[in-house]
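Chemist: The following comprises the amino acid sequence and a computationally predicted model.
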Amino acid sequence: MVVLLSGKISIEVVIQVAASKFFDVLAKQFHNVPNICERIHGSKLHQGDDWHSTDSVKHWTLLIDGKVKTIKERIEAIDEENKSIIYQVFDDDISEHYKVFKFILQVNEKNDECACVKWTIEYEKINENVETPYAYLDFIEKTTKDIANHVLKA
């Protein structure tokens with residue numbers, strides 16, 4: 001029996017916010033996300049001096065599936081024109097279960113007031129006993145809705 005340790009899982013969320021406004025929060029106001037989302041208990045700049053630089057590492061405390069988790073994250077790539085960001089996630093709770101873990105964001109305009117936000121999690125488990133990270137996908141879906149609601153009210 002062959003067990004696949006690597007995989008990708010995705011979710012698409014349609015939001016009633018322009019793609020550029022939603023993307024702006026993640027590309028230029030990332031430091032504000034903990035104030036917007038109740039599932040994010042804290043964050044701090046761990047390394048570097050710019051939240052939006054590919055050289056900076058952020059430390060996050062998150063509520064995933066009812067459990068407090070800590071992770072580190074850095075932006076691997078950002079493409080403002082195509083509204084996409086790749087986040088490399090590592091250390092702490094992630095490294096206990098995964099060799100590779102990435103959040104890939106793609107925001108597509110549907111019309112001036114509506115966008116489709118696609119998140120993909122790319123992962124490689126350390127062994128076959130590790131669960132597929134559906135709880136992180138659920139977290140990111142709820143976080144996306146929280147950010148969209150925040151932008152709508154602003």
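Modeler: Received, thanks. Nothing here was measured: the structure is a model prediction, and the numbers come from that model.
Chemist: Quickly note the distance from the residue nearest the centre of the chain to Gly48.
Modeler: Per C-alpha atoms, centre = their mean, the C-alpha nearest to the average position across the chain is that of Phe103, at 5.0 Å. Distance of Phe103 to Gly48, computed by C-beta to C-beta, to the nearest Å: 19 Å. C-beta: built from backbone N, CA, C; applies to glycine.
Chemist: element containing Asp138?
Modeler: Counting by DSSP states H and E, the element that carries Asp138 is helix 134-153.
Chemist: who's in contact with stretch 90-100?
Modeler: 6, 69-73, 101, 122-126, 130-131, 133 (C-beta atoms under 8 Å, 6 or more residues apart in numbering).
Chemist: With just CA atoms, put it into PDB.
Modeler: This file holds the C-alpha atoms of stretch 90-100, laid out as PDB (Å, rounded to 0.1, in the frame of the first residue of the first chain):
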ATOM      1  CA  PHE A  90       7.200  26.600   9.600                       C
ATOM      2  CA  ASP A  91       8.500  25.900  13.100                       C
ATOM      3  CA  ASP A  92       6.500  25.300  16.300                       C
ATOM      4  CA  ASP A  93       3.300  23.300  15.700                       C
ATOM      5  CA  ILE A  94       3.800  23.000  12.000                       C
ATOM      6  CA  SER A  95       7.300  21.400  12.100                       C
ATOM      7  CA  GLU A  96       5.900  18.700  14.500                       C
ATOM      8  CA  HIS A  97       3.700  17.400  11.700                       C
ATOM      9  CA  TYR A  98       4.900  18.700   8.300                       C
ATOM     10  CA  LYS A  99       8.100  19.000   6.300                       C
ATOM     11  CA  VAL A 100       6.600  21.500   3.900                       C
END
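Chemist: Please consider this matter closed, and thank you.
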